[in-house]
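Asks: Any chance you could fold what I've pasted below:
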Amino acid sequence: MGHSASISARRLSALITSGLVWLVQPVFAEETEAPKGAAVTVLKATKSCFDNTVEVSGIILAREETAVRPERPGLKVADVLADPGDTVTAGQNLARLNLPEGGSVMIQAPVAGTVSASTATIGAFASPRGEALFSIIARNEYDMVGLVPSADIGRLAVNQSAKIHISGSGDVDGKIRLIAPTIEPNSQLGRTSIGISANRRLLINASGRALIKIGQSCNVAVPLTAVLYDPAGTVVQVIRRQRVETKRVEVGLLAGGQVEIRDGLNEGDVVVARAGALLREGDPVRPVMAAAEAAAK
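Replies: As a prediction, the model looks like this:
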């Protein structure tokens, strides 16, 4: 009887010990297992360079227009040899005028360029003090004249390069030619003239938009979608040990959907590609690299 009781006690002890091990093991496994959570698309912050630019809007004007008139009064237009839009050379005949005493004289282009306007009609009188018979865009030189906020005009300098988009004419290159020394007091805008390098006719008074590169900044960059804006500033959500961490950052320049991060983020940090209010500090997640997600699709 005592021997049987001893065997039963040993068995009971073994069963209890086994049960305790079984009970403890799942708790231990749960504590050491990596956090589980929603799948989140992430990417690594990389270095990128951003052009620091100033944008100027304005209109296209002739840099110099030359007015063509006869040297004496009382002449009558007998023949018109050039029309608006024509490209002319210096010395080219533009019109023939009859003299009061008989005979005729030719009116010639004093400079090469494009005829921008003409009032010459057969039978009309012409004089040195009247309307110009022809206006010529001298040497086909154009400027984009625009207004710049006072905060930006101090960053501009003569000879800085510009890329100009002109409505109806496409893109052309240019350089800053003049910067006004004063600011209009009511609008706080300053005037600048950008010389256009284009060997073709442009439309006077067409609207234009110039981007002037004044420098370059190289820093860590992330997509604009990775940045959250709140009343206290800007933040980026990063993933460390498969949990969300919120980092306050200082943003800089923007280009092509990317934003420069000047402070608060390091190259190689794993960043949530589309930050949002649904993710909070400390939330467990399953990060999926953006490149891997695109390949899976």
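Asks: what bridges to the spatially most central residue of the chain?
Replies: Of all residues in the chain, the one closest to the mean position by CA atoms, centre = their mean is Ala255, 6.4 Å from it. Beta-bridge partners for Ala255, by DSSP bridges, are Gln258.
Asks: how near is it to Phe50?
Replies: In this view, Ala255 and Phe50 are 5 Å apart by CB to CB, to the nearest Å. For glycine as for every other residue, the C-beta is placed from the backbone atoms N, C-alpha and C.
Asks: Does the residue nearest to the centre of the chain touch Asp51 like I think?
Replies: Yes. Using CB atoms under 8 Å, Ala255 is in contact with Asp51, at 6.7 Å.
Asks: Show me how the protein divides into domains.
Replies: With domains defined by automatic domain parsing, the chain comprises 38-50+217-296, 54-61+140-216, 64-138.
Asks: can you pull the pLDDT of Val249?
Replies: The score at Val249 is 94. That number is its pLDDT.
Asks: how about the nearest residue to it once chain neighbours are set aside, what does it touch?
Replies: Nearest non-adjacent residue to Val249, counting by CB to CB, 6 or more residues apart in numbering: Gly264, 3.4 Å away. Contacts for Gly264 (CB atoms under 8 Å, 6 or more residues apart in numbering) come out as 236, 247-250.
Asks: 10 Å instead, please
Replies: The neighbourhood of Gly264, defined by CB atoms under 10 Å, 6 or more residues apart in numbering, consists of 220, 233-236, 238, 247-251.
Asks: Low-confidence stretches in the chain?
Replies: 1-35, 291-297 (pLDDT under 70).
Asks: quick one: the residue nearest to the centre of the chain from Cys49, how far?
Replies: Ala255 is 9 Å from Cys49, by CB to CB.
Asks: Overlap of the contact sets of those two?
Replies: Counting by CB under 10 Å, 6+ apart, the residues touching both Ala255 and Cys49 are Ala221.
Asks: Val238 is in what secondary structure piece?
Replies: strand 233-240 (DSSP states H and E).
Asks: Wait, Ala157 touches Leu178, no?
Replies: No. The criterion here is CB atoms under 10 Å, and Ala157 misses it with Leu178 at 11.3 Å.
Asks: Got phi/psi on Gly37?
Replies: phi -170, psi -170 (degrees, to the nearest 10).
Asks: Just the residues contacting stretch 226-234, thanks.
Replies: If you take CB under 10 Å, 6+ apart as the criterion, stretch 226-234 is touched by 42-43, 45, 235-238, 246-251, 258-259, 261, 264-265, 271-277, 279.
Asks: what about it, start to end distance?
Replies: Chord length of stretch 226-234, first to last residue, is 10 Å (CA to CA, to the nearest Å).
Asks: Could you give me the buried positions within that stretch?
Replies: For stretch 226-234, the neighbour count (16 or more other CB atoms under 10 Å) marks 226-228, 234 as buried.
Asks: Would you pull up how far stretch 148-167 lies from the middle of the chain?
Replies: Centroid separation between stretch 148-167 and its chain, computed with CA atoms, centre = their mean, to the nearest Å, is 13 Å.
Asks: Tell me the buried residues in it?
Replies: Using 16+ other CB under 10 Å as the test for burial, stretch 148-167 gives 148, 152-153, 156, 160, 162, 164, 166.
Asks: just curious, which of the residues you listed is nearest to Thr66?
Replies: Ile166 (22.7 Å; CB to CB).
Asks: What helix or strand is the residue nearest to the closest one when sequence neighbours are not counted located in?
Replies: Leaving aside its sequence neighbours, Ile166 sits nearest to Gly208 (CB to CB, 6+ apart; 4.6 Å). Taking DSSP H and E as the criterion, Gly208 maps to strand 207-223.
Asks: and the helix or strand following that strand, which strands flank it?
Replies: Scanning forward in sequence from strand 207-223 by DSSP H and E, the next helix or strand is strand 227-230. Sheet pairing for strand 227-230, assigned by DSSP bridges, gives strand 233-240 (antiparallel).
Asks: what angle sits between the strand it pairs with and strand 207-223?
Replies: Going by axes from the mean of the first three to the mean of the last three CA atoms, to 10 degrees, strand 233-240 is angled at 40 degrees with respect to strand 207-223.
Asks: Can you give me the buried ones in strand 233-240?
Replies: Neighbour count says strand 233-240 has 234-239 buried, by 16+ other CB under 10 Å.
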